[in-house]
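Visitor: starting from these lines, generate the structure:
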Amino acid sequence: MTQSNGFHLTTKTLVLASFFVGINIVLSRVGAIMLFNSSVRLSFGNIPLILSGLLLGPAAGLMTGVVSDILGFLINSHGGAYHPGFTLSAGLTGLIPGLIVVWSVRHGKSRYSLTNVILANVLVYLLISGFLNTVWLTHLLGTGFWVLFPARLASHGIITVINTALAYALMKSFQRSNMIPDSLYQ
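Guide: Numbers count the residues shown, from 1 in each chain. A predicted model of the protein is given here:
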């Protein structure tokens, strides 16, 4: 069976995706710090979602994000109500890096490049953490977008720099371990 640009899910891909789901739940639900009336959650939970997209492809990244958010909410909601927007955001956090790698590989570049990791983290930071999640929080908290946005942008900017460094180091470790087949994006 041939692989088509990271959109095909093999058993190995599903097992690795489930590993990333578990790590995401631990990092984002158990190891999170809630600040500013629950409008800012400091965690490293985006790392497994971004790695899932970068390493396993956009379909696995999307699935990892959606499953992580739903299971994570059931395990520890941090006292908040369920909002499907956060599930969408989590799915996009895995999908966007996968699409970046598909584009990169189609243009003859390595999927393990620092550029891919930086671009994935910056796009997730701006589009998801900065914009979309702030919109969802305005729905839940009844607070204006521009009231929440500056604090969220500042705190998530710092986390994004750390996430980028950690994600790149972990991605290189996966590359050296040969756990992820190179044929995934061919």
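Visitor: list the buried ones in stretch 120-128?
Guide: Across stretch 120-128, burial judged by 16 or more other CB atoms under 10 Å covers 120-121, 123-125, 128. C-betas here are computed from N, CA, C, even on glycine.
Visitor: do the same with stretch 90-106
Guide: 90-102, 104-105.
Visitor: and which of the buried residues of stretch 120-128 is nearest Leu49?
Guide: Val124 (8.1 Å; CB to CB).
Visitor: now the longest helix seen in the chain, how far from the chain's geometric center?
Guide: Across the chain, the longest stretch assigned as helix under DSSP state H is helix 145-177. Helix 145-177 has its C-alpha centroid displaced from the chain centroid by 10 Å (CA atoms, centre = their mean, to the nearest Å).
Visitor: now swap in stretch 101-110 and tell me
Guide: On the basis of CA atoms, centre = their mean, stretch 101-110 sits 19 Å off its chain's mean C-alpha point.
Visitor: quick one: mean pLDDT for it?
Guide: Mean pLDDT, stretch 101-110: 93.
Visitor: do the same with stretch 142-152
Guide: 88.
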